[in-house]
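Colleague: Sequence first, then the predicted structure:
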Amino acid sequence: MRCSTPFGHTVTAFLLLNCAAALRTVTPTPASAQATPHLIDYPMVVEYDVHIAMRDGVSLSVDVYRPAEAGERPAVFTLTPYNNNSDGTLDEAWGFVERGYAYVTADVRGRYDSEGAFNAWYDDSEDGSDIIDWIASQAWSDGRVATSGGSYSGMNQWLIAKQNNPHHVAILGYVAPKDSFRDLVRWNGVPKLDLIYTWMMGMDGRVNQSRTGWNWSRAMRGLPLHTLDEVVGRDMPVWRAWMENDTESAWWDPISMHESYTDFDIPSFNVTGWFDGQVQGTSRHFASAVKTGDPGDHMLIIGPWLHGVNRNRTIGLRDYGPDAIIDLDGLRDAWLDHRVLGAPNPALPKVLYFLPVANEWREADGWPIPETRFTEFYLASGGNANTLFGDGELASAAPSAAGSDAFTYDPANPVPTVSSRTSGARGGIAQGSVDNRAVETRDDVLVYTGPVLDEPLEITGPIRATIHMSTDAPDTDITVKLLDVYPDGRALNLSHGIARASFRDGYDRRAALDPGAVYAIDVEMFPGANLFEAGHRIRVEVSSSNFPNFARNLNTGKSSDTTAETRVANTRVHHSDEHPSHIVLPVIPADATRPWR
């Protein structure tokens, strides 16, 4: 419903039934006749479609919800591309208003009721700060503004923080990416195709577009990548710009944080899930923010969740038990109310994480967990690690004898993605930990499996690998996957990552490979957690593709994002004292963390 005047409407509302009711103070009817009776006990003032001029003159639409009683209030503010007056907004607003906050939502530039052109995240830093200034100037404001939101609106809070606005007093950030080239649009330069492409194709124009009815798997096979908007009938300059800017340059700076955290000191409440596509960004926001000011002003929560946090106890093949779902809003409210309303200190941990398999919540004093033992596990074989039936091993020491394993990667036949981190699994791919044995029968997948564990082993935290490789192509990718192998043979994925070999010397340039030369390629993987039980084994897969989680390297040495020519790469993974290919796992000692509650 839209009830508006040229200046926006201000109404005192118990329940907005129609435009006529919106023009007056509603007289409450008996509770039994109200759809949302709790609003009767605590009426709020609602202002719809208030237009605010940004510093360049473009007008953005804002809705305001605030307590009916007079007085200056702190505010909670969300800047969203998904409609600032969606179905759940009234309930979300009331959750803050009834505790004494004003609640302000705004459509980002170029979306819904806001003017201008939408350029994802690009204008949000300055626009968000301008709106914070407007909020702080209102008669009902006490000058303090906390920002809130998830995903898109999780990231733009941090971009707003770069403005160091003195009125910006807290960040409530959910599933928030950090740097567009490294963990949002791309994973260290490689397009996160399934996630970012299917999302962007629903963002064409001023309102959300339907994604149903399209064969996304087939669409994502199109080349060149920068024209994939046309494949599904869209004309999106933003998509083309993301693909055409295929090295890390100043072009990406407005939509990246990098090391900007020293420019501000704003407390933050951070939430993500182990199978969220933004777990890297969210955990790094926390780890970066705690370096400025008081580390106790920040909290990180990582649950057994997808991008939609705190919704599912069963994901993939694992049931995480009844404790998987928690009172997340209660934790948020206790954290925020202490810092803004002066409520008692809830004594929350700095880091609260869920340990899969043990299916329990643990608390720690930092991220990475301070007592983490980063432990190398080395690849080894007799030269035939191809498939799960090969002789690949995972050992505690590098093999003394030189060895290697070879595989052929053809971009026309990439290794298929088994588990996706895309919100809503838009590409039709399973999510969470699933059995990976089907892809492990492919000859282009190298499989290295450790010995049977005699006792449980916890890993929690950042994961990385270094793969020593050579190839006959001027460029190719290296993919790494970490798995938990059950006694019955099931191999459940825990984490994965990819590195583009031509970025080995920096993301600001591509450097061609010399045929046959051996290079050490560092592969950053998604953070993860798992309790490997006694009787289980640790497994690592190595290949050159994980499609469509990641776009394919076309192996030509040219841009894989703006060209269509492909070639086959014959690649060799080396393992020896001289070339110690390995994965580094964050092993957690038994006494390093504590049970929560």
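Modeller: That came in fine, so what should we check first? Numbering: from 1, shown residues only.

Colleague: I figured Gly173 was touching Gln157, is that so?
Modeller: Yes - using CB atoms under 8 Å, Gly173 makes contact with Gln157 at a distance of 5.3 Å. Heads up, the C-betas are built off the backbone N, CA and C, glycines and all.

Colleague: which parts of whichever strand or helix holds Phe526 are buried?
Modeller: Element membership for Phe526, per DSSP states H and E: strand 519-532. For strand 519-532, the neighbour count (16 or more other CB atoms under 10 Å) marks Tyr519, Ile521, Val523, Glu524, Met525, Phe526, Pro527, Gly528, Ala529, Asn530, Leu531, Phe532 as buried.

Colleague: which residues do Gly173 and Gln157 both contact?
Modeller: Thr147, Gly149 (CB atoms under 8 Å, 6 or more residues apart in numbering).

Colleague: A strand includes Phe286, no?
Modeller: No - secondary structure of Phe286 (DSSP: H, G, I helix; E, B strand; the rest coil): helix, not part of a strand.

Colleague: these two touch, right, it and His298?
Modeller: Yes - with contact defined as CB under 8 Å, Phe286 counts as touching His298 (5.7 Å).

Colleague: OK, contacts around the nearest residue to Pro191 once chain neighbours are set aside?
Modeller: Excluding the flanking residues, the one nearest Pro191 by CB to CB, 6 or more residues apart in numbering is Ala551, at 4.0 Å. For Ala551, the contact set (CB under 8 Å, 6+ apart) comprises Val190, Pro191, Leu193, Leu225, Ser560, Asp561.

Colleague: Can you report phi and psi for Ala551?
Modeller: Dihedral angles of Ala551 (phi, psi; degrees, to the nearest 10) stand at phi -60, psi 150.

Colleague: Can you show me the strands along the stretch 51-200 of the chain?
Modeller: Secondary structure of the stretch 51-200 of the chain by DSSP state E, counting those that start in this stretch: the strands cover 59-67, 73-80, 102-107, 141-150, 168-174, 186-187, 190-191.

Colleague: I'd like the ones you listed laid out as CSV, including distance to Trp94 and mean pLDDT.
Modeller: Formatted as CSV, the strands of the stretch 51-200 of the chain follow (distance: least, CB to CB, whole Å; pLDDT from 0 to 100):
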stretch, distance to Trp94, mean pLDDT
strand 59-67, 7, 97
strand 73-80, 12, 98
strand 102-107, 8, 98
strand 141-150, 14, 98
strand 168-174, 16, 98
strand 186-187, 39, 98
strand 190-191, 40, 98
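
Colleague: Dump those strands to JSON lines, plus mean neighbour count.
Modeller: JSON lines is the format used below for the strands of the stretch 51-200 of the chain (neighbours: other CB atoms under 10 Å):
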{"stretch": "strand 59-67", "mean neighbour count": "23"}
{"stretch": "strand 73-80", "mean neighbour count": "25"}
{"stretch": "strand 102-107", "mean neighbour count": "26"}
{"stretch": "strand 141-150", "mean neighbour count": "22"}
{"stretch": "strand 168-174", "mean neighbour count": "24"}
{"stretch": "strand 186-187", "mean neighbour count": "27"}
{"stretch": "strand 190-191", "mean neighbour count": "24"}
